[in-house]
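**Q** Return a 3D structure for these sequence lines:
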Amino acid sequence: MKPAEVLIESTGVIGQRIKKALLKSLPKLVNSLSASTEGANDAAVAIRTTDPVSKSVGIFVGGTYIRIRGMAKGSRMIHPNMATMLGVITTDAMVSSDVWRKMVQVVVN
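**A** The predicted structure follows:
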């Protein structure tokens, strides 16, 4: 996997920089990535932090074998009047960025 293919998410106080220790550990973390179901489940558990349970779903679609997976992480209040949530959807379907952009726009609206 190429560094440009990795996205970093972080819950925390908006505007605070990601800790240098996390950035330094990225090469090791990227090398341990797995596209397997177990890897997806490990990721859903890893982002839990203060959540009591992991939340994830995976499905197989139609006659063509594609994988669509999702996971989410909620967070308790980390600052007065502020909580965060991260959600991730992954797939190996060949979908253009324009289609993804439109789908996200429809869902968010």
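**Q** switch to C-alpha atoms for all contacts and neighbour counts from now on
**A** Will do.
**Q** gap between the most centrally placed residue in the chain and residue 8?
**A** Geometric centre of the chain, nearest residue: residue 88, 3.5 Å, by CA atoms, centre = their mean. Taking CA to CA, to the nearest Å as the measure, residue 88 falls 11 Å from residue 8.
**Q** buried sites along the worst-scoring helix or strand of the chain on mean pLDDT?
**A** When each helix and strand of the chain is scored by mean pLDDT, DSSP states H and E, strand 55-60 comes last, with a mean of 74. The neighbour-count check on strand 55-60 (16 or more other CA atoms under 10 Å) flags 55, 56 as buried.
**Q** Show me what it pairs with in its sheet, parallel or antiparallel.
**A** Using DSSP bridges, the strands paired with strand 55-60 are strand 67-74 (antiparallel).
**Q** I'd like the average pLDDT over the helix or strand following the partner strand.
**A** The first helix or strand that comes after strand 67-74 along the chain, using DSSP states H and E, is strand 85-91. The average pLDDT within strand 85-91 is 81.
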